[in-house]
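S.K.: Only the shape, not the letters, is given here:
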């Protein structure tokens, strides 16, 4: 080992030793850094609220407490729903979300079965028209 | 100035000497800072700090 070192120039020998020392430290530092960033990537939650898929996975309960219009991420649908009158919206939600029978909806509104179902289909058609209008 | 003098000056806290050594080893640090084909700025900073620590701890 001494013979091998002896063949190098004496002033350079120190620099080689320092470079070796540095490379070892870099390898250690790099491994620690990668371990740390892997740990962070595994345990940290992205702060991007706009990504609703994460919200769906992490806190379904939190979504349920939001008002109905804020839970939708389809902007066209939200706009179309906002154009409906309150009575129409109530019929639609009772039928679609609460899955009530037309009889029950009719009772709540003081209508007959036919009146409630007709009102529901009118609302659906109105929505379809709005959505088609928004796309073109 | 040879490397030994530079190192001794850097060890005693000479900023210019530290910067010269940093400039000398910059290509190595940049090469080591590339992870999966992209340059990682944070890792580069960490390695610069590692270099400064090495200067302080290295026994001549």
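M.R.: Nice, thanks for sending it over. Please read these numbers as outputs of a predicted model, since none were measured by experiment.
S.K.: Tell me how many other residues surround residue A:107.
M.R.: 14 (other Cβ atoms under 10 Å in any protein chain shown). Using the backbone N, CA and C atoms, a C-beta is placed for each residue, glycine as well.
S.K.: quick one: it and chain B, what's the gap?
M.R.: 64 Å (Cβ to the nearest Cβ, to the nearest Å).
S.K.: who touches the host helix or strand of residue A:121?
M.R.: Residue A:121 is part of helix A:113-135, with elements assigned from DSSP states H and E. With contact meaning Cβ atoms under 8 Å, 6 or more residues apart in numbering or on different chains, helix A:113-135 is reached by A:76-77, A:79-81, A:83-84, A:88-89, A:91-92, A:95, A:102-103, A:105-106, A:109, A:111.
S.K.: Just the buried ones from these?
M.R.: A:80, A:81, A:84, A:88, A:89, A:91, A:92, A:95, A:102, A:105, A:106, A:111 (16 or more other Cβ atoms under 10 Å in any protein chain shown).
S.K.: out of those, which are inside helices?
M.R.: Those of those mapping onto helices are A:80, A:81, A:88, A:89, A:91, A:92, A:95, A:102, A:105, A:106, per DSSP state H.
S.K.: What parts of chain B come near chain A?
M.R.: Counting by Cβ under 8 Å from any Cβ of the partner chain, chain B comes close to chain A at B:2-4, B:7, B:25, B:28-29, B:32, B:35, B:42-43, B:46-47, B:50-51, B:53-54, B:58, B:60.
S.K.: just checking, which of these belong to strands?
M.R.: Of the positions in those, residue B:35 sit in strands, assigned by DSSP state E.
S.K.: Please, a ChimeraX command that selects the buried ones among the residues of chain B next to chain A?
M.R.: In ChimeraX syntax, the buried subset of the residues of chain B next to chain A is picked out as below (16+ other Cβ under 10 Å):
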select /B:3,4,7,25,29,32,43,46,47,50,51,54,58
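S.K.: Go through the residues of chain B next to chain A and flag which are in helices.
M.R.: Per DSSP H, these map to helices at B:3-4, B:7, B:25, B:28-29, B:32, B:42-43, B:46-47, B:50-51, B:53-54.
S.K.: So, low pLDDT: which residues of chain B?
M.R.: Applying pLDDT under 70 to chain B flags the ranges B:1.
S.K.: same thing with chain A?
M.R.: Using pLDDT under 70, the flagged stretches of chain A are A:1-11, A:45-73, A:134-136.
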